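Participant: How does the following fold in three dimensions:
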Amino acid sequence: MLTQLCDGDAPSESGFALADDGASWHFRGTLTFDNVTAVYAASKALGLPVKGVVDLSGLMHADSSALAVLLALSRRAMAEDRPLTLAALPEPLLALAHVYGIDELLAPTASSGNGVGS
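Facilitator: Here you go, the predicted model:
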(Lines give C-alpha, C1' and ligand atoms only; values in the text may rest on other atoms or scores of the structure.)
Protein backbone atom coordinates (compact mmCIF):
# COMPACT_ATOMS: atom_id res chain seq x y z
CA MET A 1 0.00 0.00 0.00
CA LEU A 2 1.24 3.49 -0.84
CA THR A 3 0.83 6.87 0.74
CA GLN A 4 -0.66 9.67 -1.34
CA LEU A 5 1.26 10.84 -4.36
CA CYS A 6 3.63 13.66 -3.78
CA ASP A 7 3.18 16.51 -6.26
CA GLY A 8 2.86 19.82 -4.50
CA ASP A 9 0.48 20.28 -1.61
CA ALA A 10 -2.34 18.00 -2.76
CA PRO A 11 -2.69 14.50 -4.13
CA SER A 12 -2.38 14.42 -7.89
CA GLU A 13 -2.27 12.12 -10.84
CA SER A 14 1.53 12.27 -11.20
CA GLY A 15 4.25 11.96 -8.62
CA PHE A 16 6.23 9.80 -6.26
CA ALA A 17 4.54 7.75 -3.59
CA LEU A 18 6.29 6.25 -0.60
CA ALA A 19 5.43 2.66 0.26
CA ASP A 20 3.81 2.42 3.69
CA ASP A 21 6.83 0.58 5.06
CA GLY A 22 9.13 3.29 3.65
CA ALA A 23 11.13 0.71 1.68
CA SER A 24 10.57 2.16 -1.77
CA TRP A 25 9.18 4.97 -3.85
CA HIS A 26 6.89 4.39 -6.81
CA PHE A 27 6.24 6.87 -9.57
CA ARG A 28 2.92 7.12 -11.35
CA GLY A 29 1.94 9.39 -14.20
CA THR A 30 3.96 11.76 -16.33
CA LEU A 31 7.14 13.68 -15.60
CA THR A 32 7.63 16.52 -18.04
CA PHE A 33 8.49 20.19 -18.15
CA ASP A 34 4.87 20.92 -17.20
CA ASN A 35 5.09 19.33 -13.75
CA VAL A 36 8.79 18.82 -13.02
CA THR A 37 9.10 21.72 -10.58
CA ALA A 38 6.21 20.57 -8.40
CA VAL A 39 7.19 16.88 -8.52
CA TYR A 40 10.82 17.58 -7.66
CA ALA A 41 9.93 20.00 -4.86
CA ALA A 42 7.50 17.48 -3.39
CA SER A 43 10.10 14.69 -3.58
CA LYS A 44 12.32 16.69 -1.25
CA ALA A 45 9.67 16.33 1.46
CA LEU A 46 9.90 12.53 1.30
CA GLY A 47 12.60 10.65 3.13
CA LEU A 48 14.66 8.55 0.76
CA PRO A 49 13.32 5.00 0.55
CA VAL A 50 14.78 2.67 3.18
CA LYS A 51 15.80 0.04 0.61
CA GLY A 52 16.79 2.76 -1.86
CA VAL A 53 14.45 1.58 -4.61
CA VAL A 54 12.71 4.08 -6.88
CA ASP A 55 10.31 2.12 -9.10
CA LEU A 56 9.56 3.92 -12.35
CA SER A 57 7.29 1.28 -13.86
CA GLY A 58 4.34 3.67 -13.56
CA LEU A 59 6.06 6.43 -15.55
CA MET A 60 3.75 6.88 -18.52
CA HIS A 61 5.43 9.78 -20.32
CA ALA A 62 8.66 11.66 -19.72
CA ASP A 63 10.92 14.21 -21.33
CA SER A 64 14.40 15.46 -20.47
CA SER A 65 13.00 17.00 -17.29
CA ALA A 66 12.63 13.48 -15.89
CA LEU A 67 16.35 12.91 -16.40
CA ALA A 68 17.09 16.03 -14.37
CA VAL A 69 14.94 14.75 -11.50
CA LEU A 70 16.57 11.31 -11.54
CA LEU A 71 20.06 12.82 -11.52
CA ALA A 72 19.05 15.11 -8.65
CA LEU A 73 17.74 12.12 -6.69
CA SER A 74 21.02 10.31 -7.33
CA ARG A 75 23.01 13.31 -6.08
CA ARG A 76 20.78 13.51 -3.00
CA ALA A 77 21.34 9.84 -2.22
CA MET A 78 25.10 10.27 -2.54
CA ALA A 79 25.03 13.37 -0.32
CA GLU A 80 23.05 11.45 2.32
CA ASP A 81 25.31 8.39 1.87
CA ARG A 82 22.30 6.24 0.98
CA PRO A 83 21.84 3.63 -1.74
CA LEU A 84 19.56 4.38 -4.66
CA THR A 85 18.35 1.98 -7.32
CA LEU A 86 16.34 3.28 -10.24
CA ALA A 87 14.16 0.32 -11.18
CA ALA A 88 12.08 -0.22 -14.33
CA LEU A 89 13.36 2.75 -16.29
CA PRO A 90 11.36 2.96 -19.51
CA GLU A 91 13.35 2.35 -22.70
CA PRO A 92 12.43 5.73 -24.24
CA LEU A 93 13.91 7.47 -21.19
CA LEU A 94 17.09 5.41 -21.46
CA ALA A 95 17.29 6.33 -25.15
CA LEU A 96 16.95 10.00 -24.28
CA ALA A 97 19.71 9.62 -21.69
CA HIS A 98 21.89 8.13 -24.43
CA VAL A 99 21.28 11.17 -26.66
CA TYR A 100 22.42 13.43 -23.80
CA GLY A 101 25.43 11.21 -23.08
CA ILE A 102 24.34 10.35 -19.55
CA ASP A 103 23.07 6.82 -20.15
CA GLU A 104 25.97 5.36 -18.17
CA LEU A 105 24.74 7.24 -15.13
CA LEU A 106 21.33 5.55 -15.38
CA ALA A 107 21.90 2.26 -17.24
CA PRO A 108 23.62 0.37 -14.38
CA THR A 109 20.63 1.02 -12.16
CA ALA A 110 18.24 -0.23 -14.83
CA SER A 111 20.09 -3.32 -16.02
CA SER A 112 22.05 -4.71 -13.10
CA GLY A 113 20.12 -3.49 -10.09
CA ASN A 114 23.36 -2.12 -8.58
CA GLY A 115 21.87 1.24 -7.83
CA VAL A 116 23.66 4.51 -7.42
CA GLY A 117 25.62 4.43 -4.20
CA SER A 118 25.05 0.73 -3.55
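
Participant: Show me the strands in this protein, by range?
Facilitator: With strands called from DSSP state E, the chain shows them at 15-18, 24-31, 53-62, 85-87.

Participant: What average pLDDT does the shortest one get?
Facilitator: Taken as a whole, strand 85-87 has an average pLDDT of 92.

Participant: Distance from that strand to the middle of the chain?
Facilitator: 8 Å (C-alpha atoms, centre = their mean, to the nearest Å).

Participant: Could you list the paired strands of that strand along with their orientation?
Facilitator: Using DSSP bridges, the strands paired with strand 85-87 are strand 53-62 (parallel).

Participant: got it, and the second one?
Facilitator: In the sheet, strand 24-31 lines up against strand 15-18 (antiparallel), strand 53-62 (parallel) (DSSP bridges).

Participant: quick one: contacts of stretch 24-37?
Facilitator: By C-beta atoms under 8 Å, 6 or more residues apart in numbering, the residues outside stretch 24-37 that reach it are 2, 5, 7, 12-19, 39, 46, 49-51, 53-63, 65-66, 68-69. Every C-beta, even on glycine, is put in place using the N, C-alpha and C of the backbone.

Participant: Restricted to buried residues, select these in PyMOL.
Facilitator: Command for PyMOL that selects the buried part of the contacts of stretch 24-37, burial taken from 16 or more other C-beta atoms under 10 Å:
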select buried, resi 5+7+12+14+15+16+17+18+19+39+49+51+53+54+55+56+59+62+63+65+66+69
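
Participant: quick revisit: any chance of the strands of the chain in a markdown table, with distance to residue 105 too?
Facilitator: Listed next are the strands of the chain as a markdown table, based on distance: least, C-beta to C-beta, whole Å:
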| stretch | distance to residue 105 |
| --- | --- |
| strand 15-18 | 19 |
| strand 24-31 | 17 |
| strand 53-62 | 14 |
| strand 85-87 | 10 |
